[in-house]
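Engineer: Need coordinates for the following:
(2 chains)
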Amino acid sequence: ETGVTQSPTHLIKTRGQQVTLRCSSQSGHNTVSWYQQALGQGPQFIFQYYREEENGRGNFPPRFSGLQFPNYSSELNVNALELDDSALYLCASSTTQGVQETQYFGPGTRLLVL
Amino acid sequence: ELKVEQNPLFLSMQEGKNYTIYCNYSTTSDRLYWYRQDPGKSLESLFVLLSNGAVKQEGRLMASLDTKARLSTLHITAAVHDLSATYFCAVDGSYGGATNKLIFGTGTLLAVQP
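Structural biologist: Have a look, this model is predicted:
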């Protein structure tokens, strides 16, 4: 167990709907990164939050947005869901950048868009 | 744009045999990670390689990093069935410090047959 938790574990939505996924980081970690993993592929970096600010973004459209709260937990919001958004969404937490530290992944939220 | 390639994509091997998974990346980075993923599960951190020539070993797995060749290898010694999983390498998109914005390879699905 990494100490990173995510909710919900599974979710089914229909096209056009909106979804919010949640992540609680490991104690002492102030950075949260979100990844999308489509079936049979490697995870793709969506964005990262550091001290409540977005700190880098991958190649994802603006309908993917996020928040980080003072306790360093985070949310990923996806608007106007598309079928291709069906994937495993992983969050990972880490400590202050520049430190020789790996990041620890949560169990993921599996999203199915119908 | 940083790209990470792994080969082979699929590896079927017999118990007791040795094999190597290769990870090539396209731009300068001095921080490479190996993860394991079991079916339907999240990512488990195996190794963090932080400098040229770094070698780390854990049980039957040994990872190395050659930053000049932009190559990392994951060597499996005397494989056992419990090692069956998908293995990912990932590269930090920066140089000289951790950003934890990882670019993942395509993954290698390892199946160890009795």
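
Engineer: so who does residue 85 touch?
Structural biologist: This is for chain A. If a contact means C-beta atoms under 8 Å, 6 or more residues apart in numbering or on different chains, then residue A:85 has A:36, A:78, A:111, A:113 as its contacts. C-beta coordinates here come from the backbone N, C-alpha and C atoms, glycine included.

Engineer: Let me rephrase: I mean chain B.
Structural biologist: Shown in contact with residue B:85 (C-beta under 8 Å, 6+ apart): B:36-39, B:110.

Engineer: Quick one: buried ones out of those residues?
Structural biologist: Of the members of the contacts of residue B:85, the ones counted as buried by neighbours, 16 or more other C-beta atoms under 10 Å in any protein chain shown, are B:36-37, B:110.

Engineer: All the strands of the chain, residue numbers only.
Structural biologist: All of this refers to chain A. In chain A, the segments counted as strands under DSSP state E are A:5-7, A:10-13, A:19-24, A:31-37, A:44-50, A:53-57, A:64-68, A:74-78, A:87-94, A:104-105, A:109-113.

Engineer: You answered for a different chain; I wanted chain B.
Structural biologist: Taking DSSP E as the criterion, chain B contains strands spanning B:4-7, B:10-14, B:19-25, B:32-37, B:43-49, B:55-58, B:61-66, B:71-76, B:85-92, B:102-104, B:108-113.

Engineer: from the buried ones among the contacts of residue B:85, which is closest to residue B:10?
Structural biologist: Distance to residue B:10 across the buried ones among the contacts of residue B:85 (C-beta to C-beta) is lowest for residue B:110, with 8.2 Å.
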